[in-house]
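Participant: no sequence for this one, just the structure:
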């Protein structure tokens, strides 16, 4: 949109603030608050610098989408090939859940806070680069593993590397996009989830069927190493808080940030809402390929093809629809965002119950078009809300907090809970397919728990956002 001011408007190319930049000024235009970094200088005609700034922002956003895509693909491909791994290593359901998900999640969450503390203090570009290099190298190691312990240590290493990727990406993007555009930008960032899940379902399944499950991780790991080098060479670090009215030059301590988080009551509920949604939706998806293979006698590749279109087309459509909605002026009020998310998750919980209750694969495929897009619908708005509820030098830590809870829920609690319940039902005379079906149904009601937290956060979200950003809703 056009914007004319009587000063020279400075821009940033790949995060470099020009010399002599002044204070940030917010200008209202067409219902939006837009931030412009202005310097006292004679008027000059508009040139290509503003266009370059726009290109730079979107380039960095697309690079962060790839970071998230690789993270999701490396993390969830193992669940597509979980049944072949279980059979090769002669494991129970709970045993393979511990090997493929729990160890990764434990080290992901343990290193999440230290790396986020680092992200709030040093170059995010460097942390993101080394995170991608680290988890990609350990993904390669997963493909080279020849026994239980080698595979265990490789998944552990993937968790350590991935701990720095998403918090770093969220933090750096918040300094490329202003307050009212962050939920939209982080919704575009969330496109990495459906694209990564499609790779994990379709690519991983086909490669496993043709070349064996180890080749999946060798190919993914190599691609990640190459991308990390390109990222370091082309992305630059922006100045922290450059697009916020409340500028904080001093980085708070860990405990001070946690106290601030606790006092932002809506942030606590947003963290719980998104985390429990991950417990419900992504927890169910962890076991879905195995469930389809057992219940409908499919191969890993065939099971992947059942869900792959919903992940790719449905997930991208849900994310883009969310981005479009959040770009509307009437969605600038964060209350409307949490009401929308709570409604969608509540309705999708009903669909998920039918999916794991019915014995009709045709009906399952139809309902997957409702259920699977819903597990992407909340990601971008959730990150956007949380970034707007945090002060600039607390954003990586807030992101680490939600990832800590969400990954404990969906990579530790959900897989182990379903695995233990499946083993228990199987020990009580149910077939392995029926045991897994009943275990999945035990997890379904947690979707309503998430709905409650979305609705409850609406009470304080406007006041909390204004306190954190200094921008009136």
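Facilitator: Thanks, I have the structure now. These figures come from a predicted structure and were not determined experimentally. Numbering: from 1, shown residues only.
Participant: Buried residues in stretch 218-233, which are they?
Facilitator: If you call a residue buried by 16 or more other C-beta atoms under 10 Å, then stretch 218-233 has these buried ones: 218, 219, 220, 221, 223, 224, 227, 228, 231. In this view, the C-beta of every residue, glycine as well, is placed from N, C-alpha and C.
Participant: Please apply the same query to stretch 313-331.
Facilitator: Across stretch 313-331, burial judged by 16+ other C-beta under 10 Å covers 314, 315, 316, 317, 318, 319, 322, 323, 325, 326, 331.
Participant: and what of stretch 135-153?
Facilitator: Buried residues in stretch 135-153, defined by neighbour count with 16+ other C-beta under 10 Å: 135, 136, 137, 138, 139, 140, 141, 142, 143, 145, 151, 152.
Participant: And the next helix or strand past the one helix or strand the fifth one maps to?
Facilitator: Per DSSP states H and E: residue 139 is located in helix 124-144. Stepping forward along the backbone from helix 124-144, the first helix or strand reached (DSSP H and E) is helix 148-162.
Participant: Residue 421 versus residue 428, what's the distance?
Facilitator: Distance, residue 428 to residue 421, by C-beta to C-beta, to the nearest Å: 11 Å.
Participant: These two: which has the busier surroundings?
Facilitator: Counted by other C-beta atoms under 10 Å, residue 428 and residue 421 do not tie: residue 421 has more neighbours, with 20 against 9.
Participant: Quick check, that one in contact with residue 441.
Facilitator: No - the criterion here is C-beta atoms under 8 Å, and residue 421 misses it with residue 441 at 9.4 Å.
Participant: got any ranges where the stretch 51-200 of the chain has weak pLDDT?
Facilitator: For the stretch 51-200 of the chain, applying pLDDT under 70 flags the ranges 51-52, 179-180.
Participant: can you map out the helices along it?
Facilitator: 82-89, 93-97, 103-119, 124-144, 148-162, 165-173, 182-189, 192-198 (DSSP state H, counting those that start in this stretch).
Participant: buried residues in the third one?
Facilitator: Pointing back at helix 103-119 there. Those would be 103-109, 111-113, 115-119, for helix 103-119 by 16+ other C-beta under 10 Å.
Participant: give me the number of residues near residue 162?
Facilitator: Look at residue 162: counted by other C-beta under 10 Å, it has 31 neighbours.
Participant: ok, now how distant is it from residue 415?
Facilitator: For residue 162, the distance to residue 415 - C-beta to C-beta - is 16 Å.
Participant: a markdown table for the helices of the stretch 51-200 of the chain, including distance to residue 382?
Facilitator: Output for the helices of the stretch 51-200 of the chain, formatted as a markdown table (distance: least, C-beta to C-beta, whole Å):
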| stretch | distance to residue 382 |
| --- | --- |
| helix 82-89 | 27 |
| helix 93-97 | 25 |
| helix 103-119 | 16 |
| helix 124-144 | 20 |
| helix 148-162 | 18 |
| helix 165-173 | 11 |
| helix 182-189 | 8 |
| helix 192-198 | 11 |
